[in-house]
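> what's the 3D shape of this:
(4 chains)
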Protein chains: 2
Amino acid sequence: MVLMHGTHRPSRARSAHDLVAHGIGQNIMEGRFPIGSILPGDAELMELFGVSRTALREALKTLAAKGLIESKTKVGTKVMDRNNWNMFDADILDWHLQVGVDARFLGWLFEIRQMLEPLACATAAVRRTPEQLDAMHRGLRAMYECETSRQGFTKADLIFHQAILEASGNPFLQSIGSVIGAALATSFTISSPVSSDERFKEVMQQHQAVFDAIEQRDPSAASDAMSDLILQAAERVRIKHAESALASVQIHTFSGVD
Amino acid sequence: MVLMHGTHRPSRARSAHDLVAHGIGQNIMEGRFPIGSILPGDAELMELFGVSRTALREALKTLAAKGLIESKTKVGTKVMDRNNWNMFDADILDWHLQVGVDARFLGWLFEIRQMLEPLACATAAVRRTPEQLDAMHRGLRAMYECETSRQGFTKADLIFHQAILEASGNPFLQSIGSVIGAALATSFTISSPVSSDERFKEVMQQHQAVFDAIEQRDPSAASDAMSDLILQAAERVRIKHAESALASVQIHTFSGVD
DNA sequence: ATTAGTATTATAGTATGATTTATCGCCGCT
DNA sequence: AGCGGCGATAAATCATACTATAATACTAAT
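Numbering: from 1, shown residues only, chains lettered A, B, ... in the order given. This next block holds a predicted model:
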């Protein structure tokens, strides 16, 4: 089941190796270059994409850096197994989305969000600076002002979530913005948050609750609010299954050394 | 000025661009190429590392793919801000470790582990196949057999944890093996798990508890066991602070669509 | 004096061909 | 059957030349 299809954007004037990297990347996602297979040699790929060897090799190095492929002398360039891929990479996520995301993938996205964002909120509630709180506030206000445009709303929403990640103080959390971006973009395509007035209000209330909890430095409330938010977002795109595998799990965590 | 001190491991005959990428990468970590600065032009870097333009540019593309740098015509190659870096990348973590990690960084690592691994265990407990359980068992047995060698134990431990991630079925979790590897390598360097007999027994008991819970398909118990395991590991390297910022937070999660 | 448009120029990007190096598969030898 | 050398092949590297882009400086019109 394909839920979202490649909004093949105009691809306005990107560099050659970038185009090649995206081309090969997408082909891998689509399965046209199957996992474990050896993809065509330099010469053939050069012809396929109409670029020089330099540009091609730079594209291949980009893909190799993301764990997608591995080149070995004489044997060729092999498409690596999925668990070598760096799923937190913005490009890889992008290619996934452009090829089309099924319900399973969307479920994985929400699963990760549910694991990270509530606790990110909790730490943000404790560690946030006034400036960081202000950044969240700006994101929230931008969301309020975007009741019409879905694109604008998505962008503002992402800013809000990223501000929270930033305030968590943990660089690992700070680098998962692309994951949340992917989740938002996909789910809003399936089910727009600005489709109806009550829907919009509900979403805003949930975000406001997260903000309030962080403002009041209440980690537990912040975590709960974010957890609710994500859970409902998942329900809206019908990811939630009838039987929930994990009802409710107690998590112990701790602060880093400041 | 030679920036590439070949120190560390024998680095058994790596390719030219790999060496350059590591060289520049480490220099960025060390702050010798400060964040936000423009690093030397192609010509100068070529001379610094003694490689051709081709090799240099491939190295730069590798770094760019990981979000470390960005090249723009006329302006040069800029070292990007930290939150553009992909912290889940194996190389970036590696460079961090080689430069030396402080208590704060180690704290962040454990924080992420504490967010992901318990819930990964919970999902693994539900979704695991017999084969995957067997893989965990093999890892566990390898740990039992490595009471002497720290290196061997670290490797076996990583295999155990990766088997759990694999069984979680979530590709995002499956690609964080490098993070756990980094955490294990660092903490075992600070405080070896095979230093004393009782210490070894304690660690093994905790791992056995995780395995048993997953075997019995008990997500809640699996999550708790893993949470305890990580918490104690953190305490051993004195990461845990006197005042725990987040005592205990209730997490709601859900299963993806199978 | 301000602005708009144009030329300059530094730098990354691309192209091409030659050369080197590593690995596989084959053949012959033991 | 197993081992070791030899050649073919494709990637890795080098060297050089050329192109595209954008920041800067300069000029001219208002």
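
> For A:Val126, give its distance to DNA strand C.
Spatial separation of A:Val126 from DNA strand C under the definition C-beta to the nearest atom of the strand, to the nearest Å is 41 Å. Glycine gets a C-beta too; all of them are placed from N, C-alpha and C.

> Next one, pLDDT for that residue please.
In the predicted model, A:Val126 carries a pLDDT score of 93.

> next one: A:Ala135
Among the per-residue scores, A:Ala135 shows a pLDDT of 97.

> what number of residues lie near it?
If you count neighbours by other C-beta atoms under 10 Å in any protein chain shown, A:Ala135 ends up with 19.

> what sits against it?
Each residue near A:Ala135 by C-beta atoms under 8 Å, 6 or more residues apart in numbering or on different chains is listed here: A:159, A:163, A:166-167.

> That one sits in which helix or strand?
helix A:130-144 (DSSP states H and E).

> Name the helix or strand of chain A that has the lowest mean pLDDT.
strand A:248-252 (a mean of 50; mean pLDDT, DSSP states H and E).

> Please enumerate the strands of chain A.
For chain A, strands defined by DSSP state E occupy the ranges A:38-39, A:69-72, A:76-79, A:248-252.

> Dump stretch A:61-70 to CSV, restricted to CA.
Coordinates of each C-alpha in stretch A:61-70 appear next as CSV, following Å, rounded to 0.1, in the frame of the first residue of the first chain:
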residue,chain,number,x,y,z
LYS,A,61,31.3,8.6,-2.0
THR,A,62,28.3,10.4,-0.7
LEU,A,63,26.2,7.3,-0.8
ALA,A,64,29.0,5.3,0.8
ALA,A,65,29.3,7.8,3.6
LYS,A,66,25.6,7.2,4.4
GLY,A,67,26.2,3.5,4.5
LEU,A,68,24.2,2.7,1.4
ILE,A,69,26.9,1.2,-0.7
GLU,A,70,30.4,-0.1,-0.5
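
> Would you mark the buried spots in stretch A:202-221?
Using 16 or more other C-beta atoms under 10 Å in any protein chain shown as the test for burial, stretch A:202-221 gives A:203, A:206-207, A:209-211, A:213-214, A:218-221.

> Not counting that stretch itself, show me its contacts.
Applying C-beta under 8 Å, 6+ apart, the contact partners of stretch A:202-221 are A:121-126, A:128, A:133, A:136-137, A:140, A:143-144, A:157, A:160, A:164, A:167, A:193, A:222, A:224-226, A:228-229, A:232, B:245-246, B:249-250.

> From those, list the buried ones, please.
Burial of those was assessed by neighbour count (16+ other C-beta under 10 Å); the buried members are A:121-126, A:128, A:133, A:136, A:140, A:143, A:157, A:160, A:164, A:167, A:193, A:222, A:224-226, A:229, B:245-246, B:249.

> Which of these fall in helices?
Among the buried ones among the contacts of stretch A:202-221, the members found in helices (DSSP state H) are A:121-126, A:133, A:136, A:140, A:143, A:157, A:160, A:164, A:167, A:222, A:224-226, A:229.

> could you pick out which of the residues you listed are near DNA strand D?
Among those, no residue sits close to DNA strand D (C-beta under 7 Å from any atom of the strand).

> Close to chain B as well: tell me which of these qualify.
Contacts with chain B are made by A:122-123, A:126, A:224 out of these, judged by C-beta under 8 Å from any C-beta of the partner chain.

> got the contact list for A:Ile164?
Residues in contact with A:Ile164 (C-beta under 8 Å, 6+ apart) are A:117, A:120-121, A:124, A:136, A:210, A:214, A:226.

> any idea how far chain B is from it?
Relative to chain B, A:Ile164 is positioned 13 Å away (C-beta to the nearest C-beta, to the nearest Å).

> cool, and A:Thr129?
The spacing between A:Thr129 and chain B, counted by C-beta to the nearest C-beta, is 15 Å.

> ok, the closest residue in space to that residue that isn't next to it in sequence - contacts?
The shortest distance from A:Thr129 to any residue other than its chain neighbours is 7.3 Å, reached at A:Ala167 (C-beta to C-beta, 6 or more residues apart in numbering or on different chains). Remark: with contacts taken as C-beta under 8 Å, 6+ apart, A:Ala167 is in contact with A:124, A:127-129, A:132-133, A:135-136, A:214.

> Just the closest of those residues to DNA strand D, please.
For the contacts of A:Ala167, the minimum distance to DNA strand D (C-beta to the nearest atom of the strand) is 26.1 Å, reached by A:Ala135.

> quick check, nearest of the contacts of A:Ile164 to B:Met80?
Ranking the contacts of A:Ile164 by separation from B:Met80, with C-beta to C-beta as the measure, puts A:Ala120 on top at 21.5 Å.

> Nearest spatial neighbour of that closest one, chain-adjacent residues omitted?
A:Ser168 (4.4 Å).

> ok and the residue in the stretch 151-258 of chain A nearest DNA strand C?
Using C-beta to the nearest atom of the strand, the single residue of the stretch 151-258 of chain A nearest to DNA strand C is A:Ser178, 20.8 Å away.

> Please tell me I have it right and that residue contacts A:Trp95.
No. Using C-beta atoms under 8 Å, A:Ser178 makes no contact with A:Trp95, being 11.9 Å away.

> Which one of the two is surrounded by more residues?
When A:Ser178 and A:Trp95 are compared on other C-beta under 10 Å, the one with more neighbours turns out to be A:Trp95, at 23 against 20.

> give the contact list for the more buried one.
With contact set as C-beta under 8 Å, 6+ apart, A:Trp95 has these partners: A:22, A:25-26, A:28-29.

> Could you rerun that using 6 Å?
Residues near A:Trp95 by C-beta atoms under 6 Å, 6 or more residues apart in numbering or on different chains: A:25-26, A:29.

> Nearest to B:Phe33 among those residues?
Of all the contacts of A:Trp95, B:Phe33 sits closest to A:Gly25, with 27.9 Å by C-beta to C-beta.

> out of the contacts of A:Ala135, which is most surrounded?
The most crowded member of these, judged by other C-beta under 10 Å, is A:Ala167 (25 neighbours).

> Please read off the pLDDT at that one from the model.
97.

> Near DNA strand C, which residues of the stretch 1-150 of chain A? Just list them.
Going by C-beta under 7 Å from any atom of the strand, the residues of the stretch 1-150 of chain A near DNA strand C are A:15-17, A:50-55, A:58, A:72-75.

> Now, of these, which are buried?
The neighbour-count criterion (16+ other C-beta under 10 Å) marks A:16-17, A:51, A:55, A:58 among these as buried.

> Same list, those residues, but as JSON lines with pLDDT and distance to B:Arg236 please.
Written out in JSON lines, the entries for these read as follows (pLDDT from 0 to 100; distance: C-beta to C-beta, whole Å):
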{"residue": "A:Ala16", "pLDDT": "90", "distance to B:Arg236": "51"}
{"residue": "A:His17", "pLDDT": "90", "distance to B:Arg236": "46"}
{"residue": "A:Val51", "pLDDT": "92", "distance to B:Arg236": "53"}
{"residue": "A:Ala55", "pLDDT": "91", "distance to B:Arg236": "50"}
{"residue": "A:Glu58", "pLDDT": "91", "distance to B:Arg236": "44"}
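
> what subset of these is also close to chain B?
Restricting these to those touching chain B (C-beta under 6 Å from any C-beta of the partner chain) yields A:Glu58.

> So which of the buried ones among the residues of the stretch 1-150 of chain A next to DNA strand C sit within helices?
In helices, defined here by DSSP H, the members of those are A:16-17, A:55, A:58.

> Can you report how many residues lie near the residue nearest to A:Ser227 when sequence neighbours are not counted?
Among residues not flanking A:Ser227 along the chain, A:Pro118 sits closest, at 4.4 Å (C-beta to C-beta, 6+ apart). Taking other C-beta under 10 Å as the neighbour definition, A:Pro118 ends up with a count of 29.
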